[in-house]
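>>> kindly generate the corresponding structure for this input.
(2 chains)
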There are 2 protein chains.
Amino acid sequence: MRVRPGSYHPEVQQMESANSTDFLTATSVVRRAGTPGTFDSHLPPVWDTGEGIDGGILLAVAARATAAATAVRAERFFPSSVSASFLTASRPGPVRVRTDVIQRGSRFTTSQVSLTQRAEDDREIERMRALVSHGTLASQASADTPLPPVITPPSACVSRDDAPGGRAEHLGHLAGVDIRLTPECAGWAFGAPSRTGHFDGWFRLANGREPDPLALLVAVRALPPISFAFGRVGWLPTVQLTAHIRGYPAPGWLQVRTSTKALRGDHVIEDAEVWDSAGELVLQSRQFAAPV
Amino acid sequence: MRVRPGSYHPEVQQMESANSTDFLTATSVVRRAGTPGTFDSHLPPVWDTGEGIDGGILLAVAARATAAATAVRAERFFPSSVSASFLTASRPGPVRVRTDVIQRGSRFTTSQVSLTQRAEDDREIERMRALVSHGTLASQASADTPLPPVITPPSACVSRDDAPGGRAEHLGHLAGVDIRLTPECAGWAFGAPSRTGHFDGWFRLANGREPDPLALLVAVRALPPISFAFGRVGWLPTVQLTAHIRGYPAPGWLQVRTSTKALRGDHVIEDAEVWDSAGELVLQSRQFAAPV
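So this is what the prediction gives:
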């Protein structure tokens, strides 16, 4: 497994901008003086989906804060498992991040993390709670893992610029990413859902930034909800999401497949798999969405 | 979706026995006076795998305690999602269960739960921390979910009694369950691993008890680790497990398929699907195992 020391930066950074489309800037965390394990971050409005800040951004903020709190060495440790309960919709603006290291092993360190925001009446409201395990890589190279499906290349896929008139306005939160959907999977946007139970597409960060392990957490939520494939074009909140990150992605496009085996009424379990440009399976995730 | 009011008992029960093979008795919790949201339970030695108490029992204890703490109505609410980090190996004996309700919605209530035990030097050691969302059922009947694969019926499958000489002694923790593995998938036990990437089998509780939603949490961990299918017959600790329970199982055998798409060296991501005797997909789970 490739490891590129120094190219992954979980450590605390200054928040350079209040409304950045740049992934690393949008997910930066600043240590809060006097309260160990506590961080501040700022959720940029540009990542607002209209139903709250993109969940992938929240997961990345949580993973970066726990990495900083546990002082894991970035060249050896990854956020191997991130398991989150989404409690209320996050809004643009300040967010408080509290971390608590609950177990240090020789190869895995597990933390709990909570993201909260202040309501207008100054009450503190919890947005997300998660358990994050930072761990070392596997003992040997890949084996027995599936190659990515062969799909239409990005240049021949559907992008947000191809969306029917007016629809792209709802996609403002996607300014930080470049998403392509294969033509076979994009029928829902034109009134002809594929009903195949999966979406195939491509993902990369905007601004020319290459993917890192945390960007994978945004990739798994970037394609349209899998229910769209069945013509149910409506939003459902994510109740729970667990992602397992398997390594450092190679530079270039990420290939994403989302699928469901279990669409029951308004309860949806959606899986995602992400391969890097070298054909390595770098992430598996599953989320459960339902009216809350 | 079938619902059988009264047949699912998350509420507090007396601990009838210190070493019960009965699932409901083994997972019973007793409210601790004076400390709200705190419960005592007792992990029976019979559920010890040799590497610690069976993780499914811990998940069921956590789910029952959070159900009791949140006072969810058993005839309407299920432990829809249980997401756990396993921190240290649990031992037979007393366990303290602390619950904390972190979000109450109209259709989902999410709690955090922590299981701890006392070490010999009286230090309190955390065994497992989990997030549990109790929720209502989906709005309509099943659709677009896969039927179970057609496999060898239980009567023609391999049971623990068929294990080669001496091996069954290591399976003492399985006294509370009846597990069958299809002959095609049992080759590993006889030195001829199938290398197919999946195990098919059947599960039921011992003592004639019919399955309930919490028994599903034991079912997903009852088959051998999927790495056995590749001839790697050794134990790996589970770091993280997330299970989504989709409904109340019908009486009778549960059909279980475990599989992996991602076996990389000593890191294993294993999926499980459980169907009830009516052919309904009642659970999907995924666990990540690795040396800790």
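>>> quick one: the strands in chain A, in order.
Counting by DSSP state E, residue ranges of the strands within chain A are A:30-31, A:38-43, A:78-86, A:93-104, A:108-118, A:124-135, A:177-181, A:198-205, A:238-245, A:254-264, A:267-275, A:281-289.
>>> helices or strands up against the second one?
Same thing as strand A:38-43. Packing contacts for strand A:38-43, counted by 3 or more Cβ pairs under 8 Å, 6 or more residues apart in numbering or on different chains; DSSP states H and E, involve strand A:30-31, helix A:55-70, strand A:93-104. All C-beta atoms are positioned from the backbone trio N, CA, C, and that covers glycine.
>>> partners of the shortest one, with directions?
By that I understand strand A:30-31. When sheet partners are counted by DSSP bridges, strand A:30-31 sits next to strand A:38-43 (antiparallel).
>>> could you list the domains of chain A?
A:23-135, A:154-289 (automatic domain parsing).
>>> deepest of the helices and strands packed on strand A:38-43, which one?
For these, the stretch with the most neighbours on average is helix A:55-70, a mean of 27; neighbours defined as mean count of other Cβ atoms under 10 Å in any protein chain shown.
>>> now do that one: distance to the chain's middle.
Taking the mean C-alpha point of helix A:55-70 and that of its whole chain, the gap between them comes to 10 Å (Cα atoms, centre = their mean, to the nearest Å).
>>> does it come close to chain B?
No. No part of helix A:55-70 sits close enough to chain B to count as contact by Cβ under 8 Å from any Cβ of the partner chain; the gap is at least 12.1 Å.
>>> and stretch A:207-221, by the same measure?
No. For stretch A:207-221 and chain B, the contact criterion (Cβ under 8 Å from any Cβ) is not met; the two come no nearer than 13.5 Å.
>>> first vs last residue of that stretch, how far apart are they?
Between the start and the finish of stretch A:207-221 there is a gap of 19 Å, counting by Cα to Cα, to the nearest Å.
>>> how about it, which residues are buried there?
Residues of stretch A:207-221 classed as buried under the neighbour-count rule (16 or more other Cβ atoms under 10 Å in any protein chain shown) are A:211-221.
>>> over to stretch A:146-159?
When neighbours are counted by 16+ other Cβ under 10 Å, the buried residues of stretch A:146-159 are found to be A:148, A:151-152, A:154, A:157-159.
>>> among those, pick out the one closest to chain B, please.
Ranking the buried residues of stretch A:146-159 by separation from chain B, with Cβ to the nearest Cβ as the measure, puts A:Pro148 on top at 11.5 Å.
>>> A:Arg257 is in contact with the closest one, correct?
Yes. Here A:Pro148 reaches A:Arg257: they are 7.5 Å apart, a contact under Cβ atoms under 8 Å.
>>> list residues touching both of these two?
Where contact means Cβ atoms under 8 Å, 6 or more residues apart in numbering or on different chains, the residues bridging A:Pro148 and A:Arg257 through contact with each are A:Glu273.
>>> got the CA positions of stretch A:186-200 in PDB?
The C-alpha coordinates for stretch A:186-200 follow below in PDB (Å, rounded to 0.1, in the frame of the first residue of the first chain):
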ATOM      1  CA  ALA A 186     -28.300   9.900 -15.100                       C
ATOM      2  CA  GLY A 187     -31.700   9.200 -16.400                       C
ATOM      3  CA  TRP A 188     -33.400  10.200 -13.200                       C
ATOM      4  CA  ALA A 189     -32.400  13.900 -13.900                       C
ATOM      5  CA  PHE A 190     -34.400  13.700 -17.200                       C
ATOM      6  CA  GLY A 191     -37.400  11.800 -15.900                       C
ATOM      7  CA  ALA A 192     -36.200   8.400 -16.900                       C
ATOM      8  CA  PRO A 193     -34.800   6.700 -13.800                       C
ATOM      9  CA  SER A 194     -32.600   3.700 -14.500                       C
ATOM     10  CA  ARG A 195     -34.100   1.500 -11.700                       C
ATOM     11  CA  THR A 196     -30.800  -0.500 -11.700                       C
ATOM     12  CA  GLY A 197     -30.100  -0.100  -8.000                       C
ATOM     13  CA  HIS A 198     -26.700   1.500  -8.500                       C
ATOM     14  CA  PHE A 199     -25.000   4.700  -9.600                       C
ATOM     15  CA  ASP A 200     -21.600   4.800 -11.200                       C
END
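>>> what does that stretch contact?
A:149, A:151-152, A:157-158, A:162-164, A:167, A:181-182, A:184-185, A:223-224, A:226, A:228-231, A:233, A:255-261, A:263, B:144.
>>> identify the residues contacting A:Ser106.
Contacts for A:Ser106 were tallied using Cβ under 8 Å, 6+ apart; they are B:Val292.
>>> tally of neighbours for A:Arg257?
By other Cβ atoms under 10 Å in any protein chain shown, the residues close to A:Arg257 number 18.
>>> same question, A:Gly191
Neighbour count for A:Gly191, taken as other Cβ under 10 Å: 9.
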